[in-house]
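Novice: sequence first, predicted coordinates after that:
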Amino acid sequence: MQQLLSEEIIKKYFKTIVKCPLFQNLGESELLGYLHNAKVIVKEYRKNDFIALSGDPMEGIGVILEGSALLTRENVMGQRVIMANLEASAMFGEALLFTKQALWPATIKAMKASKIMFIPLETFIQTLPDCQQCQTKILSNLLEDLSEKAMILTKKVHYLTLKGMREKIFAYLTDIYTVQHSEELKLPHNREQMAEVLNVSRTALSRELGRLRDEGIIDIQGRSVSLLDLSVITEFGFNNN
């Protein structure tokens, strides 16, 4: 189902929209002015619907108003690799916005019933009425977000360069520790998703996590992980290489 961005939708999801990286540091009046003038559409998806398929034409930057989605790609071996978990207020597709042939390079699937706001390229390159300063801020936010995601991609490549399972796990845990600043971590992925992020088999991953627990290096319960020997774990972190 597709509809224009109405006043009702803006009011219902305004707090979510404000949290989107694209709109940070915008005043309420600026953001409302932008949303009222931008050619924005909203689409609804059921759980397990495909929001985008690899190779499909891109409709613009997507912002999740409600629900969640998973962005994945398949490698040459046919294995699915998770690129990103997308929750409410997250955006996707920004790296493709100014390409000459804007085709989705990955598949995006709704993990629950979701509403997505799509912002087309024209909104970024055409001057909107009384919104020039607002558009400048949005473009600045877009560049900052692209830089952050480039760093995340670099970290994913770092996982692939590590040969051992243990080293991959340590690098993964270190990256989360760097963000959460706590030795009590809440993992962003379940076991299957973690295996896909690290490009390893789930069975081998579970076996190695069990060994690390038995050796007293970590304690793991579901998505909760306690880092019991931080000096050993952080040896293989991205920032140390």
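Specialist: Everything's here; your move. Just so it is clear, the structure is predicted and the values come from calculations on it, not from any experiment. Residues are numbered from 1 along each chain as shown.
Novice: distance of Gly210 from Ile169?
Specialist: Here Gly210 is placed at a distance of 11 Å from Ile169 (C-beta to C-beta, to the nearest Å). For every residue, glycine as well, the C-beta is placed using N, CA and C.
Novice: who has more neighbours, these two?
Specialist: Ile169 (25 against 11; other C-beta atoms under 10 Å).
Novice: what sits against the more buried one?
Specialist: By C-beta atoms under 8 Å, 6 or more residues apart in numbering, the contact list for Ile169 reads 198, 205, 208-209, 212.
Novice: so among those residues, where is pLDDT lowest?
Specialist: Across the contacts of Ile169, the bottom pLDDT score, 89, is held by Leu198.
Novice: for that residue, which non-adjacent residue is closest in space?
Specialist: Nearest-residue entry for Leu198: Lys168, 4.7 Å, with adjacent residues in sequence omitted and distances by C-beta to C-beta, 6 or more residues apart in numbering.
Novice: how about Leu121?
Specialist: Leu97 (5.7 Å).
Novice: how near is that neighbour to Cys20?
Specialist: For Leu97, the distance to Cys20 equals 15 Å [C-beta to C-beta].
Novice: more crowded one of the two?
Specialist: Comparing Leu97 with Cys20 by neighbour count (other C-beta under 10 Å), the higher total belongs to Cys20, at 22 against 18.
Novice: so what's the more buried one scoring on pLDDT?
Specialist: Cys20 is given a pLDDT of 96.
Novice: also Gln79?
Specialist: Looking at Gln79, its pLDDT reads 69.
Novice: same thing with the one 10 residues further on?
Specialist: Reported pLDDT at Ser89 in the predicted model: 96.
Novice: that one: what's it in contact with?
Specialist: Listed by C-beta under 8 Å, 6+ apart, the contact partners of Ser89 are 16-17, 19-20, 63-64.
Novice: for Leu227, see how far away Arg213 is.
Specialist: Counting by C-beta to C-beta - Arg213 and Leu227 are separated by 12 Å.
Novice: please say which of those two ends up with more neighbours.
Specialist: Leu227 (21 against 16).
Novice: give me the nearest residue to that one, chain neighbours excluded.
Specialist: Glu183 (4.3 Å).
Novice: same thing with Lys47?
Specialist: Lys47 sits nearest to Lys112 (C-beta to C-beta, 6+ apart), 5.1 Å away.
Novice: helix, strand, or coil at that neighbour?
Specialist: Using DSSP: H, G, I helix; E, B strand; the rest coil, the structure places Lys112 in coil.
Novice: how about Phe14?
Specialist: From three-state DSSP, the assignment for Phe14 is helix.
Novice: low-confidence regions, this structure specifically.
Specialist: Scanning the chain for pLDDT under 70 picks out the ranges 75-79, 236-241.
Novice: the same query, at a cut-off of 50, please.
Specialist: 241 (pLDDT under 50).
Novice: can you map out the helices along the protein?
Specialist: In the chain, the segments counted as helices under DSSP state H are 7-18, 28-37, 122-125, 132-161, 165-180, 191-198, 202-214, 230-233.
Novice: mind listing what's buried in the last one?
Specialist: Residues of helix 230-233 classed as buried: Ile233 (neighbour count, 16 or more other C-beta atoms under 10 Å).
Novice: what are the contacting residues of that helix?
Specialist: Contact with helix 230-233 is made by 170, 173-174, 177, 183, 217-218, 227, as judged by C-beta under 8 Å, 6+ apart.
Novice: quick one: which two of the contacts of Ile169 are the most distant?
Specialist: With C-beta to C-beta as the measure, no two of the contacts of Ile169 lie farther apart than Leu198 and Leu212, at 13.8 Å.
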